[in-house]
Structures are given as C-alpha cells and as structure tokens.
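J.: Provide a 3D model corresponding to the input given below.
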Amino acid sequence: MSQQCAVPKCHRQSRWLCDCCQENLCLQHINEHNAALISQLNPLAEEINILDDRLKSIHTQHAIGDCRRKLEKWRDECYEKIDRFFEQKFQELDRLVHEKVAEQREKIARVQTKVAELIRAQETTRKDIVSLTATIRQLGRTIDKIEQTCFTVHTRPLIIDNALVIVKEKADQEPCISTLAPVYKTINRSAGSYALASNDRYLLIHQQPNLCLVDQEMNIVKQTLWSYDAIYDMCWSATLNRFIVIEENDVLLVDENTMTIDNVQTIETGLWLSCTCSNTSLYLSTGERASSIKEYRLLPSIQLIRELKSPHTCSRDEVISGIVYNNGRLALIIVNITKKTLRIESRDAETLNRLWSLRLDIICNQNRKFGCCALRSDEWLVADYETKRLLYITKDGKVKKVIDYTPEPYHVSLFGANILAVSTKNDIRMHKI
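T.: This next block holds a predicted model:
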C-alpha cells in the first residue's frame, strides 16, 4: 500500500524511499531534496580548494628551517670534534717520530764531535776506529728503520648511533613548570657551590672538592678536582663548546670532554658575580653596588666589546644578583641593598634597554645570590630561597605560577627538553616537567 509524502502539508503519494534520510517522498519533493543535497557540494568544493591552495603555498624549507640550522650546527660541531681528534692523534704520531729522530740526531752529534776531536788532534787508535765504525753502522741501521716507517696506525670505523639525533613533531604544549612532577632523582652534596649549568648532555655541578658532570639519571660521568676559589656562577657556551665558571676574580673554561680547566687570560680580574652566554657574546655582571655589565665577544677570541654602568644597569644601591640570556633577551635579577627588595627585569640583549620590570614579593634578608633560568616560550623561573618558592614568570613580566618548594631552592636549571634541576642546601633534585 502506497504511503503519503513525508513532507508536511503535502498530500501526494510517495514515490521513493530516500536512502539518506529514510523518508518516503513524492516526485516533486524527492527532486527538491536531491537538489538541496547537491547544493551543499559547492561550498565543500570551495573549502577544499582553499585548503589545497594553502597547502601549495607552504614553504617546506621555511617550516624546517630552524631544525635544519640546528642539524647543521650539530654536524659542524661533530666535524670540529673529529678534526680535533685527528690533530691530537697526528701530533701524537709526529711527536713519536720526532723523538726517534731527535734521539738519533743526538747520537750523530756525539760521533761527529768525537771524530772532529780525533782529526784535530791528529791522533787515534785502532780501537777508536773500530768503535766509531760500529757506532756509525748501528746508526745507519736505525735510520734505515726510521726511513722504512717503524710506526703503525690502527683505526676503527666511526659508528654513528642513530639515537644521537631524534627527529619528532613538536608537541602542541611546551613543558610547563606549573605541572612540576615529584622528585625522581637526587644527588647528595654536603658542600660546594649552589650554581648549576647544563647543555643537552650533562649538568655541571660543584660537589666539593670536585667539579662534576652528571647525566639525566644523576650518574657522575666525569669529574675533576676544583682547586680554585669559591664558584659564584656557571653557564654553557655552545659556541666555545665549553662550560664557563666564574669565581670572585677570575673566569675559567671547562672542557666537557677532557675536564681540563683553563683561565681566560683576555678577561681582566674583576669582582664577578654572574654570567651568561648568547651565541656570540659572554655577559658578566659585577658583584658590587651599582653593578656593571661587561659584554665579551666569543670568537675568534674572547675580547671585551663594551661595558655598561650604573644608572643604565641599576641604581647605586643595587646589585645585579643574576643574569640569564635567552632568545635575544637578558633577565636581570636585581637586589636593592637598602630596601631589601628584589625585582626581575627583561632587557634587550643588543641595546640593554629595559622591556619590562617586575618587583617580586621577596624580602632579601640573606646575603646570597638568587638563581634564575630560562624556560621555553621566553619565560623565566626564579628560585626564591627566602620563602621557599619557585616563581614562574611570563615573557611579558607577570607571575604565572607560584610553586611552594621545600627545602629552600637556591638555583634552578632546565636540563634537556623536560627536566628541571633544583639546587638546594644539601642536594640537587631532578623533576620531570
């Protein structure tokens, strides 16, 4: 039995059952229904064409530009390490050859002197002749061996671990300090500086009497005796491939591969308190009232570029307690000695002009420097040991989050992509973020 059209007020008999809406429709309304559906295709065609045009306009080289530059920098650093290793081994080979040659040269010189003395005296014996002849013949055989190369070099293929470089899509959300996880690793430290510095591989700490490199599992990978004065601050220079450590009067470079420590002779003695690096410059602040900031060019050698003094840096009653570089910006932690107040300022690294300033609700009763580190997205984290807190500061100078932290934190450092190292009085703690 035929049914009536499902459209209200239509009294016609239905002709078809619509597959998409499962309604019985008459001939007129099935045509209208079909036309309505077809009309929806045009906007969809326009939308997909717009998406196609957007996709065609994407410049893939622009999208991967920063990552490519990072890969190229990694490649250049690897080349430099290979070149340094080659030079080291070549010098080792050259030294061995020269030692052999020098030894024979000394023996030849002694024989030449002996023969000259006998000729000058016009007197000799058969014993002298036999002895000299034997010595000369032996020297000849030794030189034959040297000429025929008496050294061998054993090499092994360089094996590249694929895990050295990991390529992955950037997460929608950068690691957030507001979701600080519980401590997952701790390393005890009964004495030593609170300062921390890190690169992608190691965290540099002072565990008296040693300077130590620690991996992300808090294993001490390398260490060397620190025989200098108290450490005030430290930072990493990717350009120099060295850690920079400052004591009150001197600036030192630490090689992560050999753990050798070298004094920077081109930097004069000063009352240093804090340090930080960009790709091109080293910034040092002095630990005196009306602190100065000195900027040094890193390459081709560390040389002073300029010095900025009070009042451009801070007032005469203030000290720059910390200085940290990130993405063209400098964060200055400034203590007012008279008022016992603390503020953080963001400065343009090129001009040192102030971008913003934020006074923190901290009363400075202890005579200790405050630690600060740069976070992703141009944000900052301040270690507040006075009130046992971590202060999460946004890139435009606002307190985003206050995190209670016990025991009191003295310094902080972002270690790798998602690890926060916190230096306390007796230990160093690792958190996932």
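J.: and the longest helix anywhere in the chain, what does it pack against?
T.: Criterion DSSP state H: the longest helix present in the chain is helix 65-121. Here helix 65-121 touches helix 126-147, going by 3 or more CB pairs under 8 Å, 6 or more residues apart in numbering; DSSP states H and E. Placement of C-beta: from N, CA and C, glycine included.
J.: measure stretch 193-201 end to end?
T.: One end of stretch 193-201 to the other measures 21 Å (CA to CA, to the nearest Å).
J.: list of residues touching it?
T.: 203-206, 215, 230-236, 238, 243-245, 256, 371, 410-416, 421, 423, 428 (CB atoms under 8 Å, 6 or more residues apart in numbering).
J.: pLDDT averaged over it - what is it?
T.: Average pLDDT, stretch 193-201: 92.
J.: could you pull out the buried residues of that stretch?
T.: Within stretch 193-201, the residues that count as buried by 16 or more other CB atoms under 10 Å are Ser193, Tyr194, Ala195, Leu196, Ala197, Ser198, Asn199.
J.: pLDDT-wise, which helix or strand of the chain ranks last?
T.: Here the helix or strand of the chain ranked lowest by mean pLDDT, DSSP states H and E is helix 60-63, holding a mean of 62.
J.: related to what we said a few turns ago, only the buried subset of the contacts of stretch 193-201, as a PyMOL command please.
T.: A single PyMOL command is used to select the members of those judged buried by 16+ other CB under 10 Å:
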select buried, resi 203+204+205+206+231+232+233+234+235+236+243+244+245+256+371+410+411+412+413+414+415+416+421+423+428
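J.: in helices only, show me the contacts of stretch 193-201.
T.: Among these, no member lies in helices (by DSSP H).
J.: just checking, which of the contacts of stretch 193-201 belong to strands?
T.: Taking DSSP state E as the definition of strands, the contacts of stretch 193-201 contribute 203-206, 231-236, 243-245, 371, 411-415, 421, 423, 428.
J.: before we move on, what's the pLDDT of the nearest residue to Ile220 once chain neighbours are set aside?
T.: Closest residue to Ile220 apart from its sequence neighbours, by CB to CB, 6 or more residues apart in numbering: Cys212 at 4.9 Å. Per-residue pLDDT puts Cys212 at 95.
J.: doesn't Cys212 lie inside a strand?
T.: Yes: according to DSSP: H, G, I helix; E, B strand; the rest coil, Cys212 belongs to a strand.
J.: now it: how far from Leu118?
T.: Taking CB to CB, to the nearest Å as the measure, Cys212 falls 64 Å from Leu118.
J.: quick one, which of these two is more surrounded?
T.: Shown here are Cys212 and Leu118; by other CB atoms under 10 Å, Cys212 has more neighbours (20 against 15).
J.: wait, doesn't the more buried one sit right on Leu204?
T.: Yes: between Cys212 and Leu204 there is a contact under CB atoms under 8 Å: 7.4 Å.
J.: where does this structure dip in pLDDT?
T.: For the chain, applying pLDDT under 70 flags the ranges 1-2, 58-63, 65-66, 149-151, 169-178.
J.: what is the neighbour count of the spatially closest residue to Tyr385 that is not a sequence neighbour?
T.: Spatial nearest neighbour of Tyr385, chain neighbours left out: Glu408 (4.1 Å); criterion: CB to CB, 6+ apart. The tally of other residues near Glu408 (other CB under 10 Å) stands at 15.
J.: so that it lines up with my notes, have the first residue be 9 from now on.
T.: Got it, first residue is 9 now, which makes that one Glu416.
J.: give me the buried positions along stretch 379-393.
T.: In terms of neighbour count (16+ other CB under 10 Å), stretch 379-393 has its buried residues at 379-384, 387-393.
J.: reformat these as TSV; add secondary structure and distance to Ile116.
T.: Below are the buried residues of stretch 379-393 laid out as TSV (DSSP: H, G, I helix; E, B strand; the rest coil; distance: CB to CB, whole Å):
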residue	secondary structure	distance to Ile116
Gly379	strand	64
Cys380	strand	66
Cys381	strand	63
Ala382	strand	63
Leu383	coil	67
Arg384	helix	67
Glu387	coil	71
Trp388	strand	69
Leu389	strand	68
Val390	strand	70
Ala391	strand	67
Asp392	strand	73
Tyr393	coil	70
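J.: how about these, which pair is most distant?
T.: Based on CB to CB, the longest span within the buried residues of stretch 379-393 runs between Arg384 and Tyr393 and measures 23.9 Å.
J.: now do the nearest residue to Ile154 once chain neighbours are set aside against Gln273, distance only.
T.: Closest residue to Ile154 apart from its sequence neighbours, by CB to CB, 6+ apart: Lys108 at 5.7 Å. Distance of Lys108 to Gln273, computed by CB to CB: 35 Å.
J.: neighbour count winner among those two?
T.: Lys108 (16 against 10).
J.: can you give me the helices in the stretch 309-441 of the chain?
T.: In the stretch 309-441 of the chain, no helices are defined using DSSP state H, counting those that start in this stretch.
J.: what residues are up against Cys18?
T.: Contacts here follow CB under 8 Å, 6+ apart; on that basis Cys18 touches Gln12, Cys34, Gln36, His37.
J.: please redo it, this time with the cut-off set to 10 Å
T.: Neighbouring residues of Cys18 by CB atoms under 10 Å, 6 or more residues apart in numbering: Gln12, Leu33, Cys34, Gln36, His37.
J.: buried set for stretch 393-410?
T.: With burial defined by 16+ other CB under 10 Å, the residues of stretch 393-410 counted as buried are Tyr393, Glu394, Arg397, Leu398, Leu399, Tyr400, Ile401, Thr402, Lys403, Lys408, Lys409.
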